[in-house]
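Chemist: next comes the sequence, and after it the predicted model I'd like to discuss.
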Amino acid sequence: MQNSIHAGAVIDRGAQLAQGVSVGPFTVIEDDVRIGEGTVIGPHVHIASGARIGSGCRIHAGAVLATEPQDLKFSGEKTELFVGDRTVIRECVTLNRGTVASGKTVVGSDCLIMAYVHAGHDCVIGNNVVIANSVQFGGHCEVGDYVVVGGLAGVHQFVRIGRYAMVGGISRAALDVPPFVMAGGHASFRYEGLNAIGLKRRGFSPESITLIKDAYRVLFQSGLLLGNALEKVRAEFPKEPEILEILDFFDSGKHGRKFIRPFNS
């Protein structure tokens, strides 16, 4: 399977393109870039040094990948951007590469990154993530697998979003979002309940969904301080994987980490 390279594209000799890669007109691919088999790159795309793009991806017009991080501490160190297989990157998305802090920015496989999304340096975005139009991630954000982020949301640097969570559109996400929940709000970013529909679509059993819901009732609606609520869940709930994942998310937060709270708190 041969590559299809438009005559108007500019590709450095140091770039490595696997078989079946397609590159549109006026696209620029710099040195030290690796692109996997069957990836389709549209027109006017800029892929800078340090990009590692997987197989079967689709990168649409105007996307800018692996350019220098927007960080005043960056001093030209060699860093990378990784994009997994079969991920779709729509128009005018910007993904900066990492800094010396971690050395890389990562976007997983089977993601849909819609138009005008920005992911800053050292972000780690999991697999099967859907990010709607114009979402902006500050540096060092962590996004778990199967997360959905609604359009125009702003995610503050260092914020973590757990697996299967959903963040509402036009939210100001400045607090950590634990797994399996919905969160939203601009003036006040809060817990809005369980992402029950999303969990059903992903094959979670009714028993698992009920167990997760009961755990969050203790954490967010019992009136207990968060530390006491976590101890109650740890002591009284079965050691099912979902419960352990919730507890681990809270336990792994750095000292001083702030988590979403319910609207009525």
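Modeler: In hand now; what should we look at? Numbers count the residues shown, from 1 in each chain.
Chemist: who is the nearest residue to residue 167 once chain neighbours are set aside paired with across the strands?
Modeler: Spatial nearest neighbour of residue 167, chain neighbours left out: residue 149 (4.6 Å); criterion: CB to CB, 6 or more residues apart in numbering. (Glycine included, C-beta is placed from N, CA and C.) On the basis of DSSP bridges, residue 149 is bridged to residue 131, residue 167.
Chemist: run a quick neighbour tally on residue 149.
Modeler: Applying other CB atoms under 10 Å, we find 27 residues neighbouring residue 149.
Chemist: what separation is there between the spatially closest residue to residue 11 that is not a sequence neighbour and residue 43?
Modeler: Nearest residue to residue 11 in three dimensions, chain neighbours excluded: residue 29, at 4.5 Å (CB to CB, 6+ apart). Going from residue 29 to residue 43 by CB to CB, to the nearest Å gives 13 Å.
Chemist: now residue 222
Modeler: 55 Å.
Chemist: how about residue 120?
Modeler: When residue 120 is compared with residue 43 (using CB to CB), they lie 25 Å apart.
Chemist: which one's more surrounded, those two?
Modeler: residue 120 (22 against 15).
Chemist: in stretch 83-103, what counts as buried?
Modeler: 83-99, 102 (16 or more other CB atoms under 10 Å).
Chemist: so which of those are in strands?
Modeler: When the buried residues of stretch 83-103 are checked against strands (DSSP state E), the matches are 83, 88-89, 94-96.
Chemist: switch these over to CSV; also include distance to residue 67.
Modeler: Shown next, in CSV, are these (distance: CB to CB, whole Å):
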residue, distance to residue 67
83, 14
88, 20
89, 14
94, 7
95, 8
96, 6
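Chemist: give me the beta-bridge partners of the closest residue to residue 4 other than its chain neighbours?
Modeler: Spatially, and ignoring its direct neighbours in sequence, residue 4 is nearest to residue 22 (4.3 Å; CB to CB, 6+ apart). Taking DSSP bridges as the rule, residue 22 bridges to residue 4, residue 40.
Chemist: how much space between residue 22 and residue 132?
Modeler: 26 Å.
Chemist: so where's the protein shaky on pLDDT?
Modeler: 254-257, 263-265 (pLDDT under 70).
Chemist: show me the contacts for the residue nearest the centre of it.
Modeler: Nearest to the mean C-alpha position of the chain, counting by CA atoms, centre = their mean, stands residue 125 at 2.9 Å. Listed by CB atoms under 8 Å, 6 or more residues apart in numbering, the contact set of residue 125 reads 106-108, 111, 119, 131, 137, 141, 143.
Chemist: what helix or strand is residue 220 on?
Modeler: helix 206-221 (DSSP states H and E).
Chemist: just the CA trace of the next helix or strand after that helix, in PDB.
Modeler: Next along the chain after helix 206-221, taking DSSP H and E as the criterion, comes helix 226-236. Taking Å, rounded to 0.1, in the frame of the first residue of the first chain, the C-alpha atoms of helix 226-236 are listed here in PDB:
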ATOM      1  CA  LEU A 226     -14.800  13.800  52.900                       C
ATOM      2  CA  GLY A 227     -12.200  11.900  54.800                       C
ATOM      3  CA  ASN A 228     -14.800  10.400  57.100                       C
ATOM      4  CA  ALA A 229     -17.000   9.500  54.100                       C
ATOM      5  CA  LEU A 230     -14.100   7.800  52.400                       C
ATOM      6  CA  GLU A 231     -13.500   5.700  55.600                       C
ATOM      7  CA  LYS A 232     -17.100   4.700  55.700                       C
ATOM      8  CA  VAL A 233     -17.100   3.600  52.100                       C
ATOM      9  CA  ARG A 234     -13.800   1.700  52.700                       C
ATOM     10  CA  ALA A 235     -15.200  -0.100  55.700                       C
ATOM     11  CA  GLU A 236     -18.800  -0.800  54.600                       C
END
